[in-house]
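> Would you be able to build a 3D model of this:
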Amino acid sequence: MRAKLFGLFCGLAFCAQMAFAAIDIYEFSTEELRLRYQELIQELRCPKCQNQSLAGSDSPISADLRREIHRMLEDGLSDAQIKQFLVDRYGQFVLYEPPKSGNTLLVWMLPAAMAGMGLITIGLVLFRARRQAIQSGLDEGDDEF
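Numbers count the residues shown, from 1 in each chain. From the prediction side, this is the model:
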């Protein structure tokens, strides 16, 4: 009996959560604007959430930013202008892929540099092991004569 009541309670709690979920419905003047809107909210990160796009976040600031992006699209701003507005306001964090510039160059190049160093290390280890095996083979050959 308790299990049934617990299951019923969990089901009701889930339904209540879904009933309070915010759904943004915006009217766009053209289909192109709607597609641009969908692309932008997927590309931009919520300033409050750690790693959620504006499309996937339920935070109040994300709702405000989605509304602002809709307004700016309807006002005729380009995607670059909208992104620049958000970067000016919230910093590079709002971009999932920040531009490759001087201050982000290290972040972009570090994985390649580390992989290169790893390959060089593996190569040196193999080279030394092979040289040591050849040397020990030569040493064993001297004992036979």
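> Give me the phi and psi angles of the most centrally placed residue in the chain.
When CA atoms, centre = their mean is applied to the chain, the residue found nearest the centroid is Tyr96 (5.5 Å). Backbone torsions for Tyr96, taken as degrees, to the nearest 10, come to phi -70, psi -30.
> residues in contact with it?
Glu43, Leu44, Arg45, Ser53 (CB atoms under 8 Å, 6 or more residues apart in numbering). (C-beta placed from N, C-alpha, C; glycine too.)
> so which of those residues is the most crowded?
In terms of neighbours by other CB atoms under 10 Å, the contacts of Tyr96 top out with Leu44 at 23 neighbours.
> Spatially nearest residue to that one, not counting backbone neighbours?
Spatial nearest neighbour of Leu44, excluding adjacent residues (CB to CB, 6 or more residues apart in numbering): Leu54 at 4.9 Å.
> What number of residues are in the vicinity of that neighbour?
25.
> cool, and Gly76?
8.
> Please flag which of the contacts of Tyr96 sit within strands.
The subset of the contacts of Tyr96 located in strands under the criterion DSSP state E is empty.
> Taking those residues, tell me the two that lie furthest apart.
Farthest apart among the contacts of Tyr96 by CB to CB are Glu43 and Arg45. That separation is 8.5 Å.
> joint contacts of these two?
Jointly contacting Glu43 and Arg45 under the rule CB under 8 Å, 6+ apart are Ser53, Leu95, Tyr96.
> next structured bit after the helix or strand harbouring Phe85?
Take DSSP states H and E as the rule and Phe85 turns out to sit in helix 79-90. Next in sequence after helix 79-90, counting helices and strands by DSSP H and E, comes helix 105-144.
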